[in-house]
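> Fold the following for me, if possible:
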Amino acid sequence: MATKQRSQMFKRLPKGETGGVQLLLIHNVEHLGKQGDIIEVKPGFALNYLLPQGLATVATDHHKRMVEKHREKLRAIELEKLSSYRKQANELAAQSITIEANANDEGHLYGSVGPHEIVDALKGAGFTLATDQIRLDGPLKELGLYTVKVHLHSEVDASVKVWVVPTVTGDESSAS
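Predicted coordinates:
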């Protein structure tokens, strides 16, 4: 039954110039397009991801006219979002977080510091981010100061300073 419905739905989807499916983006989709753009994608991507997730809709003439009518409003909303992301990027740039980790005498960590630990530390500083927004070249495996890139929007990236310091145990502090 599901395959019959899917094949019927596929027949109703408008074909693009290269044989793909024409869709109208409802939300910005990274590496694909912005809200209001008409895109052409493969049928599987449309049916399995964009349409069920509510990221796009069928590009009918009616939908195209509605987007043209509301394009200015969409631009204003997008500019407002961009300004809030830029404000958050400036706040993150002023931030410096400290993460304690177990390390040996040479400064090599026994484990590593990854995006999850950075997100947790930023959450303690009042920022709510997802781990996939943290862009690391690899896990941090030594003590020191790192500049970590935070991806907030397709047009906005921020940098945050991350100090990786050795964990202070009760025994070491009493020996001083």
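> what about stretch 98-118, distance to the chain center?
25 Å (C-alpha atoms, centre = their mean, to the nearest Å).
> And the closest residue to H108 other than its chain neighbours, its phi and psi?
Spatial nearest neighbour of H108, chain neighbours left out: E142 (5.8 Å); criterion: C-beta to C-beta, 6 or more residues apart in numbering. Placement of C-beta: from N, CA and C, glycine included. The phi and psi values for E142, taken as degrees, to the nearest 10, are phi -140, psi 160.
> Who are the contact partners of E142?
Each residue near E142 by C-beta atoms under 8 Å, 6 or more residues apart in numbering is listed here: 103, 107-109, 164.
> make it 10 Å
101, 103, 106-109, 112-113, 164 (C-beta atoms under 10 Å, 6 or more residues apart in numbering).
> can you give me the helices in this protein?
Applying DSSP state H to the chain gives helices spanning 2-12, 43-45, 61-93, 115-124, 170-175.
> Grab the most central residue of the chain for me.
Nearest residue to the geometric centre of the chain (C-alpha atoms, centre = their mean): Q133, 4.7 Å.
> Now do the contacts for that residue.
The contact partners of Q133, by C-beta under 10 Å, 6+ apart, come to 115, 118-119, 122, 149-153, 157-158.
> Mind doing that once more with 6 Å?
The contact partners of Q133, by C-beta atoms under 6 Å, 6 or more residues apart in numbering, come to 150-151.
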